[in-house]
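Colleague: Sharing a sequence plus its predicted fold:
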Amino acid sequence: MSIIESTQEKIVELERALEQFSLIKDTLPLDVRFTTQRLIDNQLNELKYRLEKLTFLRSDKKCTVCDHWIRENEDPIHLFYQYNNSVEPANVTVCPSCIGAMKKVMTTNEAEKLWGLIPGTIKQDRRLGNLQEFEEVGLVYHTGRYIKIHEIVMRSYYEPKIQERQRKEKRKIKDSQKSSK
């Protein structure tokens, strides 16, 4: 059952409860009647508002990774996988934002090749404690044999170093050209 169907069922149940309450409300004390009426009305209004939001998004698919509802205009990745006949098949749905986030996490070897760093640079910086702040928030982490690093670390820590190195090399080339003239 989707969240939209369950919300619709809850609304129907509350409307029935409201009808039953209207039959017996005259027999109840004023403060109980007022409190009960307000509770039912508030719950009903909240569920109707929630249903309106859900149907506005027109979503009945949920991401397996982040548990967020996937909008109708987004194209999730569906995977129906069964390891063997003794295990129930897994129905996996992954939203585009989770796919994008996964692509931004890479091993240090991949990152060093992609960013043009000398092999072992990230490992050395990690050992020296230069990446400690990033490790504390989970952007650099050790997974058994590999060190995983997020693209944010590469952009904020290594990119300025690479740009500085390139500027120095350009200055060096300019200086050597001036001295040869």
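Modeller: That came in fine, so what should we check first? Please read all numbers here as calculations on a predicted model, not as lab measurements.

Colleague: can you pull the buried residues of whatever helix or strand residue 99 lives in?
Modeller: Residue 99 is part of helix 96-103 when elements are defined by DSSP states H and E. Neighbour-count burial for helix 96-103 flags residue 98 (criterion: 16 or more other Cβ atoms under 10 Å). C-beta: built from backbone N, CA, C; applies to glycine.

Colleague: Same check on stretch 129-148?
Modeller: 131, 134, 135, 139, 140, 147, 148.

Colleague: Ok, stretch 103-115 next?
Modeller: Buried-residue list, stretch 103-115, by 16+ other Cβ under 10 Å: 106, 108, 111, 112, 115.

Colleague: Can I get that stretch in PDB, CA atoms only?
Modeller: Output in PDB follows, covering the C-alpha atoms of stretch 103-115 (Å, rounded to 0.1, in the frame of the first residue of the first chain):
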ATOM      1  CA  LYS A 103      29.200   9.200  -8.000                       C
ATOM      2  CA  LYS A 104      30.900  11.900  -6.000                       C
ATOM      3  CA  VAL A 105      32.500   9.400  -3.600                       C
ATOM      4  CA  MET A 106      35.600   7.700  -4.900                       C
ATOM      5  CA  THR A 107      38.600   5.800  -3.700                       C
ATOM      6  CA  THR A 108      41.900   7.700  -3.200                       C
ATOM      7  CA  ASN A 109      43.400   6.000  -6.300                       C
ATOM      8  CA  GLU A 110      40.500   7.200  -8.500                       C
ATOM      9  CA  ALA A 111      40.600  10.700  -7.000                       C
ATOM     10  CA  GLU A 112      44.400  11.000  -7.500                       C
ATOM     11  CA  LYS A 113      44.200  10.000 -11.100                       C
ATOM     12  CA  LEU A 114      41.200  12.300 -11.800                       C
ATOM     13  CA  TRP A 115      42.700  15.300 -10.100                       C
END
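
Colleague: as a whole number, average confidence for it?
Modeller: Across stretch 103-115, the average pLDDT comes to 90.

Colleague: how distant is that stretch from the center of its chain?
Modeller: Its chain's C-alpha centre and that of stretch 103-115 lie 20 Å apart, by Cα atoms, centre = their mean, to the nearest Å.

Colleague: As JSON lines, the buried residues of stretch 129-148 with secondary structure, distance to residue 42 and pLDDT would be great.
Modeller: Formatted as JSON lines, these follow (DSSP: H, G, I helix; E, B strand; the rest coil; distance: Cβ to Cβ, whole Å; pLDDT from 0 to 100):
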{"residue": "131", "secondary structure": "coil", "distance to residue 42": "50", "pLDDT": "90"}
{"residue": "134", "secondary structure": "helix", "distance to residue 42": "45", "pLDDT": "88"}
{"residue": "135", "secondary structure": "helix", "distance to residue 42": "46", "pLDDT": "88"}
{"residue": "139", "secondary structure": "coil", "distance to residue 42": "42", "pLDDT": "87"}
{"residue": "140", "secondary structure": "strand", "distance to residue 42": "47", "pLDDT": "90"}
{"residue": "147", "secondary structure": "strand", "distance to residue 42": "51", "pLDDT": "91"}
{"residue": "148", "secondary structure": "strand", "distance to residue 42": "46", "pLDDT": "92"}
